[in-house]
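S.K.: Turn this into a structure:
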Amino acid sequence: DPSQAADETQPKTRRRDISTHVLGGLDLFMGEDGSAYAVCPLGGQRREVMPIGGRAFELYLRSVALDRHGAVISKASLQNAVDTADVRARNSGEVHRVWRRVAEGDDGAIYWDLGGADPHGERGAVRITDRGWAVVEPGDVPVHFVRAADALPLPRPEVAAASWGDLGEIINGESEDDLLLSLAFLVAGLRPHRARGGYPVVSFTGPAGSGKSTASIYAHLLSDPSSVTLLNLSDDPRDYPPILASRHFTSFDNLSGCSNVISDLLARTATSAVWAGRRLNTNGELFAVRMQNPVILNGIPETLGRLDLQERTLTIRLARIERRRSDSEIEANFMRLRPGLLGLLCDGLSAALRNLATTPVPEGIRMADAAQWAEAAASGLGIEPGRITAAWRANRTAMQRAALEVDDVARAVVALMDKRQQDTGAAEWRGEPTELYRLLCELAGERVTRMKDWPSRAAGMANHFRRIGSALREVHGIEVINGKGGRDSTRWWSVRRV
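M.R.: Predicted coordinates for the structure are as follows:
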């Protein structure tokens, strides 16, 4: 057979050359994070950005070796291919930013990735500008998206198919403000990382049976769907970098509280944090991960963590569900509403791009950039001007008050001023730090002062004052300041009502 003879004369790929042949057709570049990446063709217009050295890239190279060259690549050849790709990427001179789920194009447009981990699934994106939005095909997406193995696809948004009130069918908020702030969190969380300011944290709270976990899941499915949601809150800070760096939105389930260390970590994640440590199997090479994520929490308590975290958190109160529905009924209703709600969020993002320059930065709000963005999006969401800002400010004040009510130092300071005014009529106490510490310990009582959160000395009390000072002033009208003076520069503290 001549054709068979011709096939037999074709040179076969030698095993020692397979590590080079599997790299054909790849676009290699460096990310702004210092990692090497490969753009891997998957057929047609589908192309996937993969970190070089990751498990997905290794499986891709094995697939190429088997499908195109009929060879099973050895472990040594695979490692050689990975190392070669890494060197080529570093020598390419190409540097691009990689994104997860949302990106900012060079033209200022927002790109919202519709793709999931399935290599045969959707690879398009929604392009959002100040003039509107449209779905673009994979070959026309100019940014580099990286997808985690657990990422799920989003359906294509629909135009004018939902209003903000429809959100109430899946999130059982106590009031309209709770629904408005849920939308504000989503639209603020869909800003690209490059945008100024941080991301708010959202906490769904309410009695048992109010649908807290369900609300968290649907917030995920309306923004950054994943098969890995509602994670446990770990007490080890080292568990968080791989979780937060591999996705855009992250959720933690059924919280009853969190340690001070984790509270500070989540607060820093909202406004950008960098975790650094020694890279494994090296003598001193640094490994750094940047974390800046919208975080979803849920639990029965209204206050979680320190005041720094509370001031970055939008607390959404859910009402107890009176009429129970089956999970299948709830899911079917959500799937019906989902494309329209995604279109509504696209309208909001477009309005935010259009209105941001003329929207004033709200005063008295900790996450002011995020609140300004959400307010700028209000017209696209069909919400009256000023309602989001007013709801955000009221939510922050309520959470400050709730946080101070469970803060033993704050309660002791309020008790000190009440006693001072009752005994002497004076609105100020002034004295040495050690005397103030003694008075507050007496007012708090021995049971409280033996607890680990109570400052062990006057210097620790000063640090606590710095943390709660702004909330004390805004909620109770109490100002705590310190200074030094006199011939020997004696330090003093002043506690007064203003």
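
S.K.: Can you report how many residues lie near residue 296?
M.R.: Residue 296 has 27 neighbouring residues, counting by other C-beta atoms under 10 Å. The way it works is simple: take the backbone N, C-alpha and C, and place the C-beta from them, glycine included.

S.K.: if I pick the closest residue to it other than its chain neighbours, what's in contact with it?
M.R.: Leaving aside its chain neighbours, residue 296 sits nearest to residue 251 (3.8 Å; criterion: C-beta to C-beta, 6 or more residues apart in numbering). The contact partners of residue 251, taken as C-beta atoms under 8 Å, 6 or more residues apart in numbering, are 216, 217, 219, 220, 229, 230, 231, 295, 296, 297, 298.

S.K.: Could you verify that residue 251 is part of a strand?
M.R.: Yes. Under DSSP: H, G, I helix; E, B strand; the rest coil, residue 251 sits within a strand.

S.K.: What score does it have for pLDDT?
M.R.: According to the prediction, residue 251 has pLDDT 93.

S.K.: pLDDT weak spots in the stretch 201-350 of the chain?
M.R.: Low-confidence regions of the stretch 201-350 of the chain, defined by pLDDT under 70, span residues 279-284.

S.K.: now the stretch 351-498 of the chain
M.R.: The low-confidence ranges in the stretch 351-498 of the chain, as defined by pLDDT under 70, are 486-488.

S.K.: try 50 this time
M.R.: Across the stretch 351-498 of the chain, nothing is flagged by pLDDT under 50.

S.K.: where do the helices sit along it?
M.R.: Using DSSP state H, counting those that start in this stretch, the helices assigned to the stretch 351-498 of the chain run over residues 368-376, 378-381, 387-405, 408-424, 433-444, 446-449, 458-476.

S.K.: what's in contact with stretch 26-44?
M.R.: Here stretch 26-44 makes contact (C-beta under 8 Å, 6+ apart) with 25, 47-53, 57, 60, 85-86, 88-90, 92, 94-98, 119-120, 144, 146, 290.

S.K.: Let me see the mean pLDDT of it.
M.R.: Stretch 26-44 comes out with an average pLDDT of 90.

S.K.: Which members of the contacts of residue 251 are classed as buried?
M.R.: Among the contacts of residue 251, those buried by neighbour count (16 or more other C-beta atoms under 10 Å) are 216, 217, 219, 220, 229, 295, 296, 297, 298.

S.K.: Where does the fifth one sit: helix, strand or coil?
M.R.: Taking three-state DSSP as the rule, one finds residue 229 in the coil state.

S.K.: ok, then the element right after whichever helix or strand residue 270 is part of?
M.R.: In the assignment (DSSP states H and E), residue 270 maps to helix 260-271. Read in the C-terminal direction, the helix or strand following helix 260-271 is strand 273-278, with elements assigned using DSSP H and E.

S.K.: any idea how far that following strand is from the chain center?
M.R.: 17 Å (C-alpha atoms, centre = their mean, to the nearest Å).

S.K.: again, but for stretch 143-158
M.R.: Per C-alpha atoms, centre = their mean, the centroid offset for stretch 143-158 relative to its chain is 16 Å.

S.K.: What residues of that stretch count as buried?
M.R.: In terms of neighbour count (16+ other C-beta under 10 Å), stretch 143-158 has its buried residues at 143, 144, 145, 146, 147, 148, 151, 152, 153, 154, 157.

S.K.: beta partners for the second one?
M.R.: When bridges are called by DSSP bridges, residue 144 pairs up with residue 98.

S.K.: so what pLDDT did it get?
M.R.: The confidence metric pLDDT takes the value 94 at residue 144.

S.K.: With the last one instead?
M.R.: Looking at residue 157, its pLDDT reads 96.

S.K.: So it is in contact with residue 342, correct?
M.R.: Yes. Counting by C-beta atoms under 8 Å, a contact exists between residue 157 and residue 342, whose distance comes to 3.9 Å.

S.K.: follow-up on the earlier one: and the contacts of residue 251 as a markdown table, adding secondary structure and distance to residue 316?
M.R.: A markdown table is the format used below for the contacts of residue 251 (DSSP: H, G, I helix; E, B strand; the rest coil; distance: C-beta to C-beta, whole Å):
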| residue | secondary structure | distance to residue 316 |
| --- | --- | --- |
| 216 | helix | 10 |
| 217 | helix | 14 |
| 219 | helix | 9 |
| 220 | helix | 14 |
| 229 | coil | 17 |
| 230 | coil | 16 |
| 231 | strand | 19 |
| 295 | strand | 13 |
| 296 | strand | 10 |
| 297 | strand | 10 |
| 298 | strand | 9 |
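
S.K.: which one among those residues gets closest to residue 313?
M.R.: Within the contacts of residue 251, the smallest distance to residue 313 is 7.5 Å, found for residue 297 (C-beta to C-beta).

S.K.: Now do the closest one against residue 307, distance only.
M.R.: Applying C-beta to C-beta, to the nearest Å, the value for residue 297 to residue 307 is 16 Å.

S.K.: ok, the nearest residue to residue 405 once chain neighbours are set aside - contacts?
M.R.: Closest residue in space to residue 405, ignoring its immediate chain neighbours: residue 411 at 7.3 Å, by C-beta to C-beta, 6+ apart. Taking C-beta under 8 Å, 6+ apart as the criterion, residue 411 is in contact with 404, 405, 444.

S.K.: all helices of the stretch 51-200 of the chain, in order?
M.R.: With DSSP H, counting those that start in this stretch applied, the stretch 51-200 of the chain shows helices at 55-69, 75-91, 176-189, listed in chain order.

S.K.: how about the CA coordinates for the last one, as PDB?
M.R.: I take that to be helix 176-189. The C-alpha coordinates for helix 176-189 follow below in PDB (Å, rounded to 0.1, in the frame of the first residue of the first chain):
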ATOM      1  CA  GLU A 176     -34.900  47.700  51.000                       C
ATOM      2  CA  ASP A 177     -31.600  49.100  52.300                       C
ATOM      3  CA  ASP A 178     -30.300  45.500  52.700                       C
ATOM      4  CA  LEU A 179     -31.100  44.800  49.100                       C
ATOM      5  CA  LEU A 180     -29.500  48.100  47.900                       C
ATOM      6  CA  LEU A 181     -26.300  47.300  49.900                       C
ATOM      7  CA  SER A 182     -26.200  43.800  48.500                       C
ATOM      8  CA  LEU A 183     -26.200  45.200  45.000                       C
ATOM      9  CA  ALA A 184     -23.700  47.900  46.100                       C
ATOM     10  CA  PHE A 185     -21.300  45.200  47.300                       C
ATOM     11  CA  LEU A 186     -21.600  43.200  44.000                       C
ATOM     12  CA  VAL A 187     -21.100  46.200  41.700                       C
ATOM     13  CA  ALA A 188     -18.200  47.500  43.900                       C
ATOM     14  CA  GLY A 189     -16.600  44.000  43.900                       C
END
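
S.K.: strand partners of the next helix or strand after it, parallel vs antiparallel please.
M.R.: Using DSSP H and E, the helix or strand that follows helix 176-189 towards the C-terminus is strand 201-205. Looking at strand 201-205 with DSSP bridges, its partner strands are strand 295-299 (parallel), strand 313-317 (parallel).

S.K.: among the contacts of stretch 26-44, which ones are buried?
M.R.: When burial is judged by neighbour count using 16+ other C-beta under 10 Å, the buried members of those are 47-53, 57, 60, 85-86, 88-89, 98, 119, 144, 146.

S.K.: Tell me the spacing between the closest residue to residue 252 other than its chain neighbours and residue 226.
M.R.: Counting by C-beta to C-beta, 6+ apart, residue 233 is the residue found nearest to residue 252 once chain neighbours are left out, at 4.7 Å. With distances defined as C-beta to C-beta, the gap from residue 233 to residue 226 amounts to 17 Å.
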